[in-house]
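S.K.: here is a sequence with its predicted model. Questions after.
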Amino acid sequence: MAYKHLNTDELTFIESYYHQNLSVKEIAKRLKRSRQTIYNVINALKTGITALEYYQEYKQRKSNCGRHRIVLPENQSAYIREKVADGWRPDTIIGRGELPIDCSVKTFYRMFKENVFSVQSLPMKGKRKPNGHCEKRGRQAFKRHISERVEEFPFFFQEFGHLEGDTIIGRNHGKAVITLVERISKMIITIRPQGRKADDIEDALHSMFSALPPHIFKSITFDCGKEFSNWKTICNRHDISIFFADPGTPSQRGLNEHSNGILRRSGLDKELDFNSVTDDHIISVAQNINHRPRKSLGYKTPLEVFMSFIEDEKLSSLF
């Protein structure tokens, strides 16, 4: 049974009974209250206050009860605003632990909900909205199906070096950017080809792989767009296996699809004309994401995890 606080009528009765020299036991019996409750009031009355004054003090004490709003120090607030501007999520800011934050993750999210920090700056989730564009480039035949992947790489889901790839398109379905993401580290690579045809994609990938130490990457899983139809040439030139997901099944390249969404929100949105930006901008968007700690990586950054798999001799040739 929930405890019911004394009201002003009961306090007035206690004060009257006290001045009539009734015992605590008798007062408790008449009011059907515990003796301790009566003792608390009488001890206060003995100090010379009235029942009304006791009630006013009680209301004041009650107003101070409960959870108080947490106000973070300015250095923590400034750090939070800086990291949110860089695309960090609240749980990442706390989980990374670069600067201790004086609240829990749940309380931290509540601060955004209460507009202590700008909720507009957080990465938002939402449904994909079809834009009405009809794909006319066609699908390629004669490709290696995704089902062959595990046969060739029995430890595919545990080992480093497997990429998922796609292209994202700019305003008015103009120029494209190739996006690659390494599955274990979640490291994102962005490349701008000269065009969207298969030869353009092949040339761009050839330039990238030629600049890297051999055999860092073992495989790529693409969607079945026709722009990747020169896949055999890429395989032969760089000793890398290429597989293709089923048509209309982005979940088979889920990490790549998720990464593309982050790229869109971080500076490569659909309304951007990719001809109007530099290669440095396209690369810098990916670099910024690669420097964000991820909860799924133990609050390490994709770059930190990626570099942990690169041998020293290969690392020296990257820089």
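M.R.: Looks like it came in fine.

S.K.: only C-alpha atoms from now on, for both contacts and neighbour counts.
M.R.: Fine.

S.K.: so this protein: which segments form each domain?
M.R.: 8-63, 74-121, 146-318 (automatic domain parsing).

S.K.: out of those domains, indicate the one that is most buried.
M.R.: Comparing the domains of the chain by mean neighbour count (mean count of other Cα atoms under 10 Å), domain 146-318 ranks first with a mean of 17.

S.K.: which helix or strand contains Glu10?
M.R.: For Glu10, the element it lies in under DSSP states H and E is helix 8-19.

S.K.: report the inter-axis angle for whatever helix or strand Gln56 lives in versus helix 8-19.
M.R.: Element membership of Gln56 [criterion: DSSP H and E] is helix 51-63. Using axes from the mean of the first three to the mean of the last three Cα atoms, to 10 degrees, one finds that helix 51-63 and helix 8-19 are set 130 degrees apart in direction.

S.K.: what's the following helix or strand after helix 51-63?
M.R.: Helix 51-63 is succeeded, C-terminally, by helix 74-85 (DSSP H and E).

S.K.: what's next to that next one, contact-wise?
M.R.: Residues from elsewhere that reach helix 74-85, judged by Cα atoms under 8 Å, 6 or more residues apart in numbering: 90, 93, 99-101, 117, 121-122.

S.K.: may I have the helix or strand following that helix exported as CSV, CA atoms only?
M.R.: Heading C-terminal from helix 74-85, the first helix or strand you meet, by DSSP H and E, is helix 90-96. Only the C-alpha atoms of helix 90-96 are listed here, as CSV (Å, rounded to 0.1, in the frame of the first residue of the first chain):
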residue,chain,number,x,y,z
PRO,A,90,26.1,10.5,-28.3
ASP,A,91,27.0,6.9,-27.4
THR,A,92,30.2,7.2,-29.3
ILE,A,93,31.2,10.4,-27.4
ILE,A,94,30.8,8.6,-24.1
GLY,A,95,32.1,5.2,-25.2
ARG,A,96,35.3,6.6,-26.8
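
S.K.: which other residues reach helix 90-96?
M.R.: 80, 83-84, 100-101, 105, 108-109, 293-295, 299-300.

S.K.: excluding residues flanking it in the chain, which one is nearest the residue nearest the centre of the chain?
M.R.: Among the residues of the chain, the one closest to the centroid is Arg89, at 4.5 Å (Cα atoms, centre = their mean). Sequence neighbours aside, Leu122 is the residue nearest to Arg89 in space, at 6.8 Å (criterion: Cα to Cα, 6 or more residues apart in numbering).

S.K.: how about the contacts made by that neighbour?
M.R.: Contacts of Leu122 (Cα under 8 Å, 6+ apart): 84, 87-89.

S.K.: got it, and Gly165?
M.R.: Taking Cα under 8 Å, 6+ apart, one finds 178-181, 220-223, 253, 256 in contact with Gly165.

S.K.: for it, which non-adjacent residue is spatially closest?
M.R.: Leu180 (4.4 Å).

S.K.: what sits up against stretch 36-55?
M.R.: 8, 11-12, 14-15, 18, 24, 27-28.

S.K.: mind picking the two most distant members of these?
M.R.: For these, the farthest-apart pair by Cα to Cα is Thr8 and Val24; their separation is 18.3 Å.

S.K.: one step back: mind putting the contacts of helix 90-96 in a markdown table, distance to Val71 included?
M.R.: Below are the contacts of helix 90-96 laid out as a markdown table (distance: Cα to Cα, whole Å):
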| residue | distance to Val71 |
| --- | --- |
| Ile80 | 13 |
| Lys83 | 18 |
| Val84 | 18 |
| Pro100 | 14 |
| Ile101 | 11 |
| Val105 | 15 |
| Phe108 | 11 |
| Tyr109 | 14 |
| Pro293 | 25 |
| Arg294 | 26 |
| Lys295 | 25 |
| Tyr299 | 25 |
| Lys300 | 28 |
